[in-house]
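Visitor: Sharing a sequence plus its predicted fold:
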Amino acid sequence: MPLRVITLHLPMLESHRAVTNRDTSRPARVPPQYTAAHDRAPRDRAAPEETGMSQLQQPPTPPGAPHTPRPQPPPAARAAARRGDLSASFVVFLIAVPLSLGLALATGAPLQAGLVAAAVGGIVAGLLGGAPLQVSGAATSLLVVTAELVQRYGWRATCAVTVLAGVAQLALGAVRVARGALAISPAIVHAMLAGIGVTIALGQLHVVLGGSPDSSAVDNVASLPGQLAHPHVAALLIGAVTVAVLAGWRRLPGRAGRVARTVPAPLAAVAAATAVSAAAPVPRVALPDWAPQALPALPDGPVLALAAAVLTVTLVASMESLLSAVAVDRLTADHAVPVPRTDLNRELAAQGVANVVSGLLGGLPVAGGAMRGSANVRAGAVSRRATVLHGVWVVLCAGLFATALELIPLAALAALVMAVGVRMVSFAHIKHVQRHREFPVYAVTLGGVVLFGVLQGVALGIGVTVFLSLRRLTHTRVTVSDEDGRHRVRVNGQLTFLAVPRLTRALSQVPAGADTVVELGGSFMDHAAYEALRAWSDGHRAGGGWVSLGGRAGSPIAEPASAHHCRPWTPWRNHHCTRPPEEAAATPRSSGSQLLGGVSAFQRHTAPLVRDELARLAHEGQRPTQLFLTCADSRLVTSMITSSGPGDLFTVRNVGNLMPPPGTDAACDSVGAAIEYAVEVLKVGSLTVCGHSGCGAMQALLGAGHEPGAQTPLARWLRHGRPSLARMQRIGRLGRGEVALADRPVADDVERLALVNVVQQLDHLMSYPCVAHRVAEGTLTLHGMYFHVAEAQAYVLDRTTGRFCAVRPEAAAVTS
C-alpha cells in the first residue's frame, strides 16, 4: 500500500478495504484559505472520515523549507475561538469535578486530592503539554494501583510515588521515547484498561450496595453474594438513579431532550442523585479545611517494591496519556480551525511535571483522559485555553463552592466511577482484537490485571504475545490434495527457512507434468523459502507442468523486491516492469507489444487484487466524489498523483485542460456534457482543474506550435485557450494580480500561461449554471492545481492570493 504522504489525497483503492490498524499520526490539516468548505459526501456513500480519505489539503511546511507566512485569522474568528474555548472549559469542568471526587473516594485518598489533580492537570499539563486539546486530571486507569498504594503505604508515601513517577516521565520525555511506547500491542493496552475497569466496577459495586470494597477483585467477587443479600436500600436507590441518568441522558427525545443534553451526563446524574437523597441519611462528601500539605515521604519497605510501584504508575499513566492524546488528535483532524499537531514527547514531559506538582500538593496521580479530551473537542475548544480555564474553574469551585459539593452522596460518586469502569471494557476493542487473532493475548492480560495486578498482567500479556509470534513464525502446515486432476498445495503459516524442508517434501509428492496450484495462506516468505519455491516451479514448468502461485483468494504472491513486475506506484522505465530489464535492453519492443505486455501484467498481477472491488462497482454503479479536469498529456497519470483507484475520480481529459464556457458558438458539448453529468447526476463534491509543466497546448498558444490562421481541428480547439492568453497578457500589462508560484519564481512564459489557464478555466466553470448553483449552496467546491512533471511536485491554488503553493509531504511518512 502506498505511503499516505500525497496530500491531494482523493480516496485510494485501499480505502475500500477493511483497515483496522491505523497509524497514530493524522493527515495534516488545510488552513481555511485553501478550502472554503468540506466536500459533501454523496448519498448512500460513506463520509470521507469513514473511508480514510481526506480532502484537498495543504500541510504545514516542514522545518527549514521555504514557505509563505500563514495569514492571521480575522478578529471575528479570534473572538469566536475565545468563546468556544470558554464554553468548552465549563463543559469539561462540570465533568471533571464529580469524576475527580469519585476517583478520590474510590482510592481511599482525601477527597480534595481529586480536585488538586484536576486543577494541576488542567493548568500545568494544559500550559506545558504537547496536545493542546487534551484535558488531564485524576487518572482513571491508576485507580486500582493508587488504592493499593494508599492501603499499603499511606497517603504521604503515595504522594511520594506520584512525584517519583513524574520525574521518570520527565526523563522519558527528555530522551524522546513517547512514540516508541505506542509500539506495545493494542491488545495488551486495551486489555490492561479493561482489566482495570473490571476491578474498578467490582470494587465500586460494593459501595453502591452500601458496603466497603475489599483489597482485591477476587475478594470483591467472593463477598458480592453476601452484599447483594443485605444491601443498603438508600445507597442502592441513589446508585440506581445515577446509573439510569448516565445511561439514558443521551437518549432524551424531543426539543427538551436536546436542550437538556447540553448539560454533561455525569453532572446531571450526580445532581439527580443529590436531589433524590436530599432527605435520606446517607454518607456524603466531606471536604476537610484546606491546609498546607505535609511533604511526601518515602515509604518504609523494600526498595524493589517501591521501584515496582513507581514503574507501574509511570507505565500506566504514560500509556493512558499518550493513547488519549492520539485519540484527541484524531478528533481534531477535520476541525474547522487549525490545531497544532500533537508532540507526544512534549506531552509526556508535561505529564511528568504535572505529576510532580500534584504529588507535592497532595493530589492524585495525573494522566490525560480520552473522555475529558473528547468532550473538550466536541464542546468547541480550539486551543489550550479551554484546558487551562477548566483547571481554574476547579480551583474556584473548591474554594468557593465547597458547601455545595458536600451535599453530594458518596453512593452517587461510587456509581459514577463504577459506570466509568464498565465503559473501559470495550466490546469494539474485543472484536477488533479477535479479528487480528490476538484474543489470547487480550484474555491473558485482562485476567492477569484482575487477578495479580497491572504490572504482572502486562508482563503476562507480553509473554503471550512473544510466544504466539514465535509460534506463528515457526508453525507451518503444508498439505497436498488431488482435486479433479489438478494438484493443490496448501501452505498455512509463514514460509521461513525453518519450513523449507517441509515444503520441499510436500512439493516432491506432485507428479511431474501435473497442473498444480500452490496456495500460500501466510503473509510472510523469506528469501530461502522463495528460492526453494521458485526453483521447484521452474523445474516443474520445464518438465511440461503448469504452476500457479497465489494467496488464499487467488492473489499473486508477494515476491522479493528483485522481481520485476508492475506494482501500484513503484518506479518503472519504459515498461521494463513487463519483462526483466536485461531483456528490455537487448531487444527493443514495439509500442503494440509494450501495450500487450502491460495488459498481460495487469491480468497476471493486478486483476486478482481489484476484481472484487470492480465487481462491487459494476453492481452498485459509479459514485465518484471528485471531478478531475486535466490535460491529455501522457505524462500526467491522474490516479498516481491523487492516490485514487477505481470509482474515485470522474476524469475529463483534453488538450490543454480547457473548459469552454457555455452559450457561445465555440462551446464544446462534449466537455459541457461531462460537467453537467458529474455535477447534476453524480453529485460530485468538488471539481479540480489541473494544469502541468511543459504543456504542448500552452506552447501552441504562445505561437510555438501552430499557424494562427490554420483551420485544423487542433487549431480550432486551441481557440478555447485564447482567453487565458489574453488574461496573461493583461496581467503583464497592468502589473497587478499576477498568478504565481508561492515557493519559487515562475520558470518561463509556458509555465506562467499554464498557471493562468487553470485560474481562467475555473472562471469558465463558474459560468455553468449547475456549477454556480451548487457552489452557492455550499455543496460543491472548486480547486486549482498545477503539476510539475520533472519535479513530481503538485501545487495547489490559494484562491485568496492567486498563488500556487507546493503540497509538502508530512514530516514523518505515514504508512497505511
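Guide: Happy to help now that I have it.

Visitor: where exactly do the helices run in the stretch 551-700 of the chain?
Guide: Using DSSP state H, counting those that start in this stretch, the helices of the stretch 551-700 of the chain run over 581-586, 591-601, 607-620, 638-641, 669-676, 696-701.

Visitor: what's the most buried one of those helices?
Guide: helix 696-701 (a mean of 22; mean count of other Cβ atoms under 10 Å). For the C-beta atoms, the positions are set from N, CA and C on the backbone; glycine is no exception.

Visitor: So which elements touch the following helix or strand past that one?
Guide: Later in the chain than helix 696-701, the nearest helix or strand by DSSP states H and E is helix 713-718. Applying 3 or more Cβ pairs under 8 Å, 6 or more residues apart in numbering; DSSP states H and E, one finds that helix 713-718 contacts helix 696-701.

Visitor: What mean pLDDT does the helix it packs on get?
Guide: The average pLDDT for helix 696-701 rounds to 90.

Visitor: For the helices of the stretch 551-700 of the chain, give me TSV that also has distance to residue 753.
Guide: Listed next are the helices of the stretch 551-700 of the chain as TSV, based on distance: least, Cβ to Cβ, whole Å:
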stretch	distance to residue 753
helix 581-586	37
helix 591-601	31
helix 607-620	38
helix 638-641	21
helix 669-676	20
helix 696-701	5
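
Visitor: Poorly predicted segments of the stretch 401-550 of the chain, please.
Guide: For the stretch 401-550 of the chain, the stretches flagged by pLDDT under 70 are 523.

Visitor: So which residues of it form strands?
Guide: 477-483, 486-492, 515-520, 546-550 (DSSP state E, counting those that start in this stretch).

Visitor: Need the winner for burial among these.
Guide: Mean neighbour count (mean count of other Cβ under 10 Å) peaks for strand 515-520 among the strands of the stretch 401-550 of the chain, with a mean of 20.

Visitor: buried stuff in stretch 717-725?
Guide: For stretch 717-725, a neighbour-count test (16 or more other Cβ atoms under 10 Å) marks 717, 718, 720, 721, 723, 724, 725 as buried.

Visitor: avg pLDDT for that stretch?
Guide: Looking at stretch 717-725 alone, the average pLDDT works out to 88.

Visitor: chain center to that stretch: distance?
Guide: Here stretch 717-725 is found 44 Å from its chain centre; the criterion is Cα atoms, centre = their mean, to the nearest Å.

Visitor: Other residues contacting it?
Guide: Contact with stretch 717-725 is made by 654-656, 658-660, 666, 668, 697-698, 700-702, 706, 753, 756-757, 760-761, 764, as judged by Cβ atoms under 8 Å, 6 or more residues apart in numbering.

Visitor: that older thread, dump the buried residues of stretch 717-725 into CSV; add distance to residue 511 as well.
Guide: Converted to CSV, the buried residues of stretch 717-725 look like this (distance: Cβ to Cβ, whole Å):
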residue, distance to residue 511
717, 63
718, 66
720, 67
721, 67
723, 72
724, 69
725, 72
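
Visitor: Let's have the strands of the stretch 401-550 of the chain in CSV, adding distance to residue 637.
Guide: Output for the strands of the stretch 401-550 of the chain, formatted as CSV (distance: least, Cβ to Cβ, whole Å):
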stretch, distance to residue 637
strand 477-483, 41
strand 486-492, 36
strand 515-520, 31
strand 546-550, 28
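
Visitor: Contacts only, for residue 416.
Guide: So residue 416 contacts 98, 99, 102, 242, 246, 266, 269, 270 (Cβ under 8 Å, 6+ apart).

Visitor: quick one on the thing from earlier: can you tell which of the helices of the stretch 551-700 of the chain is closest to residue 688?
Guide: helix 638-641 (9.6 Å; Cβ to Cβ).
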